[in-house]
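Engineer: the sequence and its predicted three-dimensional model are supplied below.
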Amino acid sequence: MRDIIIVGNWKMNKNNAETKAFFEAVDPVAKTNKGLYGVGVPFTDLKTALDEAKNLIVAAENVHFEDSGAFTGEVSVPMLEELGVKYCIIGHSERRQMFGDTDETVNKKAKKLLAAGITPILCIGETEAEYDAGKTKDVITSQLNGSLKDIPAEEYKNIVIAYEPIWAIGTGKSASVEIAENCCKLVRDVVKDMVGEEAADAVRIQYGGSVKPGNIVEYMAQEDIDGALIGGASLKPDSFIEIIEKTK
Ligand SMILES: O=C(CO)COP(=O)(O)O
């Protein structure tokens, strides 16, 4: 059975003082042998978060695939390594939609992170239009094949895949437990087709999209859901503490 991994994604929120206050409140609660809890934080909060973290894991929210160069505003894997970052969200739908991330660039990011011993949290998911057109399976299959192209089977134990239907992100309209489980099982089946059963069993799969204290338990009860990637409900310490208390 896979360990759980529940991670908040703060997106573009919180300054250093708010980050410190969050960790002071939440970190002590995150001590468990069932798996991992953590948060993805803006680059500007990474050092504060890493300094405060004893039980929570800390993730970056993006990274560039080159080690250095003329990429104004970007941050490289060596820069994350220097801080001691061990997890990094890549390919979030907001980055794909607003900042030009593609399966090809996300694949380069994944390879660079794995080579540095940093766990990628790879986001995939369909739009509402794709869902309505019955294209969810095609989208998931295409994104996984593109984003994880040429990554060897033995690396999948070091990869987390977050299935986040775009129509459920930030809308309060979370996917039903049945849809979430069916799609996370589809993710696992596609990985099996790509690189075999052992890798499919090892890869951890999160559901994301309006997860909150009121629905986390039913998601975590599903066979193919190993965790969650949580936006809004991870910003308030009390809310994230409730999610931890209900699942650890
Ligand atoms: O984008 C998400 C996590 O990466 C989900 O955001 P919400 O939990 O606010 O829907």
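Structural biologist: Looks like it arrived, so ask away. Numbers count the residues shown, from 1 in each chain.

Engineer: any idea which residue sits dead centre in the chain?
Structural biologist: Residue closest to the mean C-alpha point of the chain, counted by C-alpha atoms, centre = their mean, is residue 121 at 4.0 Å.

Engineer: partner strands of the helix or strand where it lies, with direction?
Structural biologist: Of the helices and strands defined by DSSP states H and E, residue 121 is found in strand 119-124. Partners of strand 119-124 in the sheet, by DSSP bridges, are strand 87-90 (parallel), strand 160-163 (parallel).

Engineer: now the element after that strand, going C-ward?
Structural biologist: Criterion used, DSSP H and E; the element after strand 119-124 is helix 128-132.

Engineer: name the residues of whichever helix or strand comes after that following helix that are buried.
Structural biologist: As assigned by DSSP H and E, the chain's next helix or strand after helix 128-132 is helix 136-147. Neighbour-count burial for helix 136-147, counted by 16 or more other C-beta atoms under 10 Å, picks out 136, 139-141, 143-144, 146-147. (Glycine included, C-beta is placed from N, CA and C.)

Engineer: hmm, who's touching helix 136-147?
Structural biologist: By C-beta atoms under 8 Å, 6 or more residues apart in numbering, the residues outside helix 136-147 that reach it are 91, 102-104, 106-107, 110, 122, 124-126, 130, 161, 163, 165, 183, 186-187, 190-191, 194.

Engineer: of those, buried ones?
Structural biologist: For the contacts of helix 136-147, buried by 16+ other C-beta under 10 Å: 91, 103, 106-107, 110, 122, 124-126, 130, 161, 163, 165, 183, 186-187, 190-191, 194.

Engineer: and those residues near the ligand, which?
Structural biologist: Checked against the ligand using C-beta under 6 Å from any ligand atom, the buried ones among the contacts of helix 136-147 yield no neighbours at all.

Engineer: run through who's touching stretch 84-92.
Structural biologist: 7, 9, 38, 40, 46, 50, 57-63, 80, 101, 103, 106, 109-110, 113, 117-124, 143, 147, 160, 162, 164, 229.

Engineer: how many neighbours does the residue of the chain found nearest the ligand have?
Structural biologist: Residue nearest to the ligand within the chain (C-beta to the nearest ligand atom): residue 231, separated by 2.3 Å. If you count neighbours by other C-beta atoms under 10 Å, residue 231 ends up with 22.
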